[in-house]
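# Generate a structure from the sequence data that follows.
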Amino acid sequence: MITIRKGVDRGHANHGWLDARHTFSFANYYHPDHVSYRALRVMNEDRINPGAGFPPHSHQDMEIITYVLEGAVAHKDSTGGGGVIKPGMVQYMSAGTGVTHSEFNASETDMLHLYQIWILPDANGHEPRYEERKIGAARDGALALVASGDGREGSIRIHQDADLYASVIKEGEALTHKFAPGRFGWLQVAKGGVELPEGSIMQAGDGAKIDGEEAVSFKALADSEILLFDLP
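Coordinates of the predicted model:
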């Protein structure tokens, strides 16, 4: 079964400097039917004004992935990790036993548009860790493995048996991902729009949980960017 969570139905918070959409319950937004999905706990789409951002704050026992769509995010944390992340890159921080970090729009003139994703770890108390990786052309017309529990195919190794794929596909291109028995999926449309085989349409901001399916297929209705999770 594929169940679509429309982008317009997400939680919304506008703080002036930050416009945020919450797929799952987060901060002051709570929905009993949308707290999490499997190991996927947070799917926030953030737009951050030039020069603005999150001052130092702390996290613990969470796998945090930042995926930039437009602009650049400047990150610093208490592990000594940090850098400027742009489109075509992915950033990972394992909060583990505790980490303090800050995130700011690296530009004083351009908006920052990103997804921040939280995945529940396989256990509490991991050593905090920071990593960033270029995806580049690997995601063009294909599902590029960005993060995984075993770090295969050059992906970032995370503390969970979950795979994150990213893809940039042109209008008319189609992709298919097969799931092993007992696995689940989440498809998030970050840009553009896709059509599923049964005719359902997903637009930017829409997500879909995939339960009991052997595979998921989709065709781009416009130039699109998607995130696909293969979950335990």
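# For the helix or strand hosting Ser167, enumerate the helices and strands it packs against.
If you go by DSSP states H and E, Ser167 is part of strand 163-169. For strand 163-169, the packing partners by 3 or more Cβ pairs under 8 Å, 6 or more residues apart in numbering; DSSP states H and E come out as strand 144-148, strand 174-178, strand 224-231. C-beta here means a position set from N, CA and C on the backbone, and glycine is covered the same way.
# Now render the ones you listed as TSV, adding mean pLDDT.
Shown next, in TSV, are those (pLDDT from 0 to 100):
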stretch	mean pLDDT
strand 144-148	97
strand 174-178	98
strand 224-231	98
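# Would you mind giving these as JSON lines with distance to Phe54 and mean neighbour count added?
Formatted as JSON lines, those follow (distance: least, Cβ to Cβ, whole Å; neighbours: other Cβ atoms under 10 Å):
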{"stretch": "strand 144-148", "distance to Phe54": "21", "mean neighbour count": "22"}
{"stretch": "strand 174-178", "distance to Phe54": "32", "mean neighbour count": "14"}
{"stretch": "strand 224-231", "distance to Phe54": "21", "mean neighbour count": "22"}
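# confidence score at the closest residue to Leu120 other than its chain neighbours?
Nearest residue to Leu120 in three dimensions, chain neighbours excluded: Ala39, at 4.7 Å (Cβ to Cβ, 6 or more residues apart in numbering). With respect to pLDDT, Ala39 scores 97.
# Could you work out the end-to-end span of stretch 46-55 for me?
15 Å (Cα to Cα, to the nearest Å).
# one step back: Serialize the helices and strands packed on strand 163-169 to a markdown table and add fields for distance to Ser94.
Listed next are these as a markdown table, based on distance: least, Cβ to Cβ, whole Å:
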| stretch | distance to Ser94 |
| --- | --- |
| strand 144-148 | 11 |
| strand 174-178 | 25 |
| strand 224-231 | 17 |
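# Could you work out which of those strands reaches nearest to His34?
strand 224-231 (15.4 Å; Cβ to Cβ).
# helices or strands up against that closest one?
strand 163-169, strand 184-191, strand 193-195.
# Distance to Glu108 added to these, as JSON lines?
Formatted as JSON lines, the helices and strands packed on strand 224-231 follow (distance: least, Cβ to Cβ, whole Å):
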{"stretch": "strand 163-169", "distance to Glu108": "27"}
{"stretch": "strand 184-191", "distance to Glu108": "25"}
{"stretch": "strand 193-195", "distance to Glu108": "32"}
